[in-house]
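Enquirer: Quick check, what structure comes out for this input:
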Amino acid sequence: MEKGKNSTAMERATLDNGIHISVIIPVYNSAASLQKCVGSVLNQTFSNFELILINDGSSDHSLEIMNSFAEKDRRVKVIDKIKNSGVSDTRNTGIAHAKGRNICFIDSDDWIESNYLQVFTEQYESPGVLLIQNIIRGKPRDLLCKTYNIQADFTELLVRNNLLYFGGPCAKFFERDIIVKHNLSFNKKVSYGEDLMFFMEYIKQIHSIKILDEALYHYEFTDGSLSRIKHSFTSLFTLHTAVIDFITFQKREDKAAKKYLYQFDWDFIESSIDQGIIGRDLKKEESDLYLNKIRKSIGTDHFLYTGYYRKVLFLFLKTGQFRLLLKLKRFLNT
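Expert: You can find the predicted model right below:
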């Protein structure tokens, strides 16, 4: 095993099968990037890991590439789902097969520096501390790197680091026992925000987050990115309700935290209208049904902790002035 300043802590945590880390990579038609992605994992300075590659019904030669890696390296495990079922189900499959104490998720378009896993093992503290590295997306985000107690440092952790916009599963060092014990999984029924929902549920089960002063994960933009797809009202409204559940669980009273959380939630409320209703040109009956669901889901704090424009949207929603709301949104979106 590779030695680091905290390697003794990791040694105490060794499972009987000797696997410390399960690296999970969902794969769907990723033949063009798979060599670089998988190669970067197998080239790690920390070698005590298993690499779980899950083929999500690829129609290109991704599976052939995956099998070729498995033939050359015993740490590689290939799972062929045959039928495409989406990234959430694929990640859940990886979790179900993982044997490591810790889990790292990597997207098949991305790649990591050779000391990516080593840094996690060296900085490991305890199961209740989630480790997060920075992500290179053009340039690293501006993060304040230190250990945060979620209760005592909640506002600084979220507001200073804009943490919920950093809610994807990559560049994080999850504890498998926490995931399994609390039955955490990625929501297969939504097309957007399932990774953020997983992150918020995970935060509920731990006491601290440690942001590391490292940027070793390279995010690659692709033409087929989900961020460019218009998502359904159901997906976006489900994410909105998950954010509300998170706000309710945290029970924050400080204004800075509440302002951040409710403005964050408003982004998904507006997206559910812009994409889920206007973007799909729904008929009056269906759009009214959806807008009424939003009306029932928002409360006074949505009005108090937002700007003037969203206060107007709030009043239109709460008074049932749906036609005026949609007219205003369409005018501003043109």
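
Enquirer: and this structure, what are its domains?
Expert: 7-223, 230-333 (automatic domain parsing).

Enquirer: How many neighbouring residues does His302 have?
Expert: 22 (other CB atoms under 10 Å). From N, CA and C alone the C-beta is placed, and that goes for glycine too.

Enquirer: these two touch, right, it and Phe314?
Expert: Yes - using CB atoms under 8 Å, His302 is in contact with Phe314, at 5.7 Å.

Enquirer: returning to what we had before: now tell me which of the domains of the chain the model trusts least on average.
Expert: Note on the domains of the chain: lowest mean pLDDT is at domain 7-223, with a mean of 93.

Enquirer: tell me how far it is from the chain's mean position?
Expert: For domain 7-223, the separation from the chain centroid amounts to 10 Å (computed by CA atoms, centre = their mean, to the nearest Å).

Enquirer: So what does Asp153 have for phi and psi?
Expert: Dihedral pair for Asp153: phi -110, psi 20, per degrees, to the nearest 10.

Enquirer: That one and Gly167, how far apart?
Expert: Counting by CB to CB, to the nearest Å, the gap from Asp153 to Gly167 is 18 Å.

Enquirer: Next: Ala70.
Expert: 31 Å.

Enquirer: again with Ala242
Expert: 11 Å.

Enquirer: what about those two, which has more around it?
Expert: More crowded of Ala242 and Gly167, by other CB under 10 Å: Ala242, with 21 against 16.

Enquirer: so who does the more buried one touch?
Expert: Gly193, Leu196, Met197, Met200 (CB atoms under 8 Å, 6 or more residues apart in numbering).

Enquirer: Tell me which residues of the helix or strand containing it come out buried.
Expert: Assessed by DSSP states H and E, Ala242 sits inside helix 233-250. The neighbour-count check on helix 233-250 (16 or more other CB atoms under 10 Å) flags 233, 235-240, 242-244, 246-247, 250 as buried.

Enquirer: can you give me the helices in the stretch 201-334 of the chain?
Expert: Listed in chain order, the helices of the stretch 201-334 of the chain (DSSP state H, counting those that start in this stretch) span 233-250, 255-273, 284-297, 300-304, 308-318, 322-333.

Enquirer: Counting neighbours, what do you get for Trp266?
Expert: 21.

Enquirer: what residues are up against it?
Expert: His302, Thr306, Arg310.

Enquirer: Just the CA trace of stretch 67-81, in PDB.
Expert: Provided in PDB are the C-alpha atoms of stretch 67-81 (Å, rounded to 0.1, in the frame of the first residue of the first chain):
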ATOM      1  CA  ASN A  67     -13.200  -5.500 -21.400                       C
ATOM      2  CA  SER A  68      -9.700  -4.900 -22.800                       C
ATOM      3  CA  PHE A  69      -8.800  -3.000 -19.600                       C
ATOM      4  CA  ALA A  70     -10.200  -5.800 -17.400                       C
ATOM      5  CA  GLU A  71      -8.100  -8.400 -19.300                       C
ATOM      6  CA  LYS A  72      -4.900  -6.400 -18.500                       C
ATOM      7  CA  ASP A  73      -5.600  -5.300 -14.900                       C
ATOM      8  CA  ARG A  74      -7.300  -7.400 -12.200                       C
ATOM      9  CA  ARG A  75      -8.500  -4.300 -10.400                       C
ATOM     10  CA  VAL A  76     -10.900  -3.600 -13.200                       C
ATOM     11  CA  LYS A  77     -14.500  -5.000 -12.900                       C
ATOM     12  CA  VAL A  78     -16.800  -4.600 -15.900                       C
ATOM     13  CA  ILE A  79     -20.600  -4.800 -15.500                       C
ATOM     14  CA  ASP A  80     -22.700  -4.800 -18.700                       C
ATOM     15  CA  LYS A  81     -26.300  -3.700 -18.100                       C
END
